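Participant: next input, structure requested:
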Amino acid sequence: MQPTVVLVHGAFANSFSFAPLQAELGLLGHRSVAVDLPGHGFGATYLRSYQAPQDLEGLATEPGSIKGVTLSDNVAHLIGILERAKRNGPVILVSHSRGGITATAAANARPDLIDRIVYVSAWCPVDLDANGYYAEPEMATVDVAALAPAMAGNPAELGLLRTNFRTADPAVLAVFKAAFLHDGTDEEFLTFLNTFQPDENLDAGTSADRAQAATWGRIPKTFVRLADDTSMPLALQDRLIREGNALTPDNPYDVRTLAGSHLKWLVDPAPTARLLGELVGLLDSPAGA
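Facilitator: Numbering: from 1, shown residues only. Next up is the predicted model:
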């Protein structure tokens with residue numbers, strides 16, 4: 001039975017960003033499914049105030065559909081997709097960035113649905129909750145405050161995180177580019193920025209959602225390091241790998257490395273497609289069984 005690669009996006013993203021990667025996977029003969037977590041994709045809220053000319057006061061106060069969406073909602077949605085995919089054969093679950101939190105929690109709950117889990121510069125919390133790592137030395141080079149001018153409204157009042165990705169402020173755009181796609185052209189950067197949605201949910205999980213050795217720990221796992229990632233520095237990626245390996249020393253990560261920034265692997269997807277194709281091939285080997 002043909003394996004299915006299930007792709008889970010990160011914060012403020014959606015399934016649309018996987019289209020070039022899915023094209024490459026398809027041309028290599030691999031089946032894939034890109035997930036829209038609840039409140040993402042066509043379930044997202046794009047406000048009139050977000051359109052040009054922008055109404056910044058409205059943007060700061062108008063409600064969004066993702067309010068109240070929890071990590072449990074994301075996990076339940078992903079498990080439903082994994083169940084359907086598993087009927088057709090083996091499943092490789094691939095997550096990026098914040099999507100790793102959802103993938104990890106789903107793997108804790110239903111390891112039987114996943115034949116390999118892949119993190120592409122993605123969160124897999126082990127020793128700390130995801131938010132806790134921001135105070136650690138490995139994240140010292142990440143200036144979260146630099147993104148503050150792009151934030152809209154009060155998250156506590158809105159019940160969600162809202163970012164104005166359609167700002168024309170050159171200073172804010174420069175911060176976005178440095179964080180997400182510093183190795184891309186300005187045209188590539190603006191194109192990708194316009195695939196982002198303004199709202200994201202607040203729930204990033206608790207200690208109960210960290211990787212668990214008895215469930216998550218028995219799934220073969222790969223970590224794809226992005227060598228030039230400034231949003232999730234290599235030092236943090238390596239720490240997550242070390243923590244995962246310490247949790248399950250008999251089932252360590254298969255570690256791969258790709259050149260590029262946080263989003264370059266999606267803008268130039270051919271190397272990633274070849275790498276995922278190799279992992280599909282491992283499912284046929286005794287080690288991947």
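
Participant: going by C-alpha atoms from here, please, whenever you check contacts or count neighbours.
Facilitator: Will do.

Participant: which stretches of the stretch 51-200 of the chain form helices?
Facilitator: 56-61, 71-86, 99-109, 155-158, 170-180, 186-193 (DSSP state H, counting those that start in this stretch).

Participant: show me what contacts Glu243?
Facilitator: With contact set as CA atoms under 8 Å, 6 or more residues apart in numbering, Glu243 has these partners: 126-127.

Participant: check which helix or strand it maps to.
Facilitator: helix 234-247 (DSSP states H and E).

Participant: could you check the angle helix 234-247 makes with whichever helix or strand comes after that helix?
Facilitator: Tracing the chain past helix 234-247, the next element assigned as helix or strand by DSSP H and E is strand 254-258. Interaxial angle, strand 254-258 versus helix 234-247 (axes from the mean of the first three to the mean of the last three CA atoms, to 10 degrees): 170 degrees.

Participant: and the closest residue to Leu173 other than its chain neighbours, how many neighbours?
Facilitator: Once flanking residues are discounted, Leu173 sits nearest to Thr167: 7.4 Å by CA to CA, 6 or more residues apart in numbering. The number of residues packed near Thr167 is 15, by other CA atoms under 10 Å.

Participant: ok, now Ser72?
Facilitator: For Ser72, using other CA under 10 Å, the count is 15.

Participant: strands along the protein, start to end?
Facilitator: Counting by DSSP state E, one finds strands in the chain at the ranges 4-8, 31-35, 91-97, 116-122, 161-162, 199-200, 221-226, 254-258.

Participant: can you list the buried residues in stretch 132-144?
Facilitator: Of all the residues in stretch 132-144, those buried under the rule 16 or more other CA atoms under 10 Å are 133-134, 138-139.

Participant: just stretch 84-95 next, same as before
Facilitator: By 16+ other CA under 10 Å, the buried positions in stretch 84-95 come out as 85-86, 90-95.

Participant: OK, contacts around the residue of the chain positioned farthest from its centre?
Facilitator: Most distant residue from the mean C-alpha position of the chain: Pro53, 30.4 Å away (CA atoms, centre = their mean). Neighbour list for Pro53: empty [criterion: CA under 8 Å, 6+ apart].

Participant: let me know the pLDDT of the residue nearest to Leu173.
Facilitator: The score at Thr167 is 95. That number is its pLDDT.

Participant: quick one on the thing from earlier: now the residue farthest from the centre of the chain: how far from Leu47?
Facilitator: Shown here: Pro53 relative to Leu47, a distance of 12 Å by CA to CA, to the nearest Å.

Participant: next, count neighbours for Leu181.
Facilitator: Around Leu181 there are 26 residues (other CA under 10 Å).

Participant: surely it and Val267 touch.
Facilitator: No - taking contacts as CA atoms under 8 Å, Leu181 lies outside contact range of Val267: 9.1 Å.

Participant: tell me who's in contact with Leu78.
Facilitator: Leu78 makes contacts with 35, 37, 102-103, 106, as judged by CA under 8 Å, 6+ apart.

Participant: spatially, what comes nearest to Val69 if we skip its sequence neighbours?
Facilitator: Spatial nearest neighbour of Val69, excluding adjacent residues (CA to CA, 6+ apart): Asn201 at 6.0 Å.

Participant: actually Val142, not the one I typed
Facilitator: Nearest to Val142 is Ser231, by CA to CA, 6+ apart, at 6.4 Å.

Participant: that neighbour is in contact with Lys177, isn't it?
Facilitator: No - the pair Ser231 / Lys177 is not scored as a contact, 10.5 Å apart, by CA under 8 Å.

Participant: those two - which one has more neighbours?
Facilitator: Ranked by neighbour count (other CA under 10 Å), Ser231 and Lys177 place Ser231 first, with 22 against 19.

Participant: OK, contacts around that one?
Facilitator: Counting by CA under 8 Å, 6+ apart, Ser231 touches 142, 179-180, 262.

Participant: and those, which are buried?
Facilitator: Buried subset of those (neighbour count, 16+ other CA under 10 Å): 179-180, 262.

Participant: any chance of the buried residues of stretch 132-144 in TSV, with pLDDT and distance to Pro252 too?
Facilitator: Formatted as TSV, the buried residues of stretch 132-144 follow (pLDDT from 0 to 100; distance: CA to CA, whole Å):
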residue	pLDDT	distance to Pro252
Tyr133	96	21
Tyr134	94	24
Glu138	97	21
Met139	96	23
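
Participant: great, nothing more from me.
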